[in-house]
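J.: Test case, fold it:
(chains A and B)
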2 protein chains.
Amino acid sequence: MGNGPRPFTEEQIAELERELRHVGLMVRQKGRQILANYPITPPQFEALQWLKENGDMTIGELSAKMHLAFSTTTDLVDRMEAGGLVERVRDQSDRRVVRIHLQEKGRAVIRDVINSRRTYLASKLSHFSPEQVEDLLSALKLLNREMKIDRE
Amino acid sequence: MGNGPRPFTEEQIAELERELRHVGLMVRQKGRQILANYPITPPQFEALQWLKENGDMTIGELSAKMHLAFSTTTDLVDRMEAGGLVERVRDQSDRRVVRIHLQEKGRAVIRDVINSRRTYLASKLSHFSPEQVEDLLSALKLLNREMKIDRE
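T.: Below is the predicted model:
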C-alpha cells in the first residue's frame, strides 16, 4: 500500500466486502444449480477452470492453486479422471512427472456452465444503464489486475 | 428481461462473466488461506453465513439455500456441531421441528474471516480513485439488488 491518503473509508471497505461476498454467494448458488445437471461438484469445476487457464498441471501445482491438501486434490482428480473430464499424462522428457490434462468433455462442461452464467447475468443487467455496465466492468478489471499481483 | 434495447453487448456479458468469475476465484482462494487457520471448510463457512443472515434454519431450509443434498448438509451440520460452531435447537411450540442455531464461536469465525477479507481488499484498492471505489460499490449494490429478486 502507498503512503498517500486512502481513496476509501472503512465504511466503504466494509460495504465492498459485503457486496462482493453476496455476489459470490449468489453466483456460487446459481453455479450449483447449473452444475446439478452434470456429474461434477463445485471444487471439481474450480479445478477444471485452473487447468483451462494454466494448461497441464501436476497435482502439487493444482493443490497449491486451490489451497487444498495434496490428498484432497488427488481424490478430486481421481474422480474427474473416472468421469472422463481429465487424464493423467506423463511428461515426455521426464517420465517421473505426471500432469493433469483437461479432456474435451471437461472443456465442454466449462463452456456449458459459462454460457448458463452469461444468460443469468444478462437477465440481471436489464435495469442497468450502458454507463453502469461499463463502470462495473472497468472497476472489476482494475480489481482483478490488483489481485493478480500476488497470484503467481 | 424488458423489451427495450439491452444496455450491454454480448462481448460485455462475456467479459463481465469472466471478471466476476476471476474475482470470485481470488476471493475464494484467499478465503481458503484465511480459513486454513480455523478447523472449518469453505462449505461450512458458507453455511455459517446463511445462518447469520437468516437466523435459525432447519436442515431442509439450509439444504435448499446451499443447493446441497439433505445428507451432505446433515454431515456438514454434524461436524459444525461437534466443533461447537452451531447447535441443534428444538422448536418450543412444535417439538418435532429442529433448527440449527449459530453459536458464539461460529459468529467469532465469521467476524475474523470478514476482518481478514477487509484488510485484503483494502490492500488491493490503493490504486483506485475515490470515484472508482464509489462506482464499483454502487454497481455491485445494483447487481445484488437484481440478484436478490429470485433469491427467496
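J.: pLDDT weak spots in chain A?
T.: Of all residues in chain A, those with pLDDT under 70 make up the ranges A:1-4, A:149-152.
J.: could you redo the last one with a cut-off of 90?
T.: For chain A, applying pLDDT under 90 flags the ranges A:1-8, A:17-46, A:53, A:64-69, A:72, A:110, A:112-129, A:131-136, A:138-140, A:142-152.
J.: how about the strands of it, start to end?
T.: In chain A, the strands defined using DSSP state E lie at A:86-90, A:98-102.
J.: Adding mean neighbour count, write the ones you listed out as a markdown table.
T.: The C-beta positions use only the backbone N, C-alpha and C, and glycine is treated the same way. As requested, the strands of chain A are exported to a markdown table (neighbours: other Cβ atoms under 10 Å in any protein chain shown):
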| stretch | mean neighbour count |
| --- | --- |
| strand A:86-90 | 16 |
| strand A:98-102 | 19 |
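J.: Chain B: which of those is closest?
T.: Distance to chain B, taken as Cβ to the nearest Cβ, is lowest for strand A:98-102 among the strands of chain A, at 16.2 Å.
J.: Help me see whether the longest helix anywhere in chain A makes contact with chain B, please.
T.: Ranked by residue count and defined by DSSP state H, the top helix of chain A is helix A:10-35. Yes - using Cβ under 8 Å from any Cβ of the partner chain, helix A:10-35 reaches chain B at A:12-17, A:19-29, A:32-33.
J.: Give me the buried positions along that helix.
T.: Buried residues in helix A:10-35, counted by 16 or more other Cβ atoms under 10 Å in any protein chain shown: A:12-13, A:15-31, A:34-35.
J.: One more: stretch A:100-110?
T.: Residues A:I100, A:L102, A:Q103, A:G106, A:V109, A:I110 are the ones in stretch A:100-110 that count as buried (16+ other Cβ under 10 Å).
J.: which of these are close to chain B?
T.: Applying Cβ under 8 Å from any Cβ to those, one finds that nothing falls near chain B.
J.: quick one: which of those residues is nearest A:A64?
T.: Nearest to A:A64 among those: A:I100, at 13.2 Å, using Cβ to Cβ.
J.: between the strands of chain A, which one is nearest to A:Y120?
T.: Closest approach to A:Y120 among those (Cβ to Cβ): strand A:98-102, 23.9 Å.
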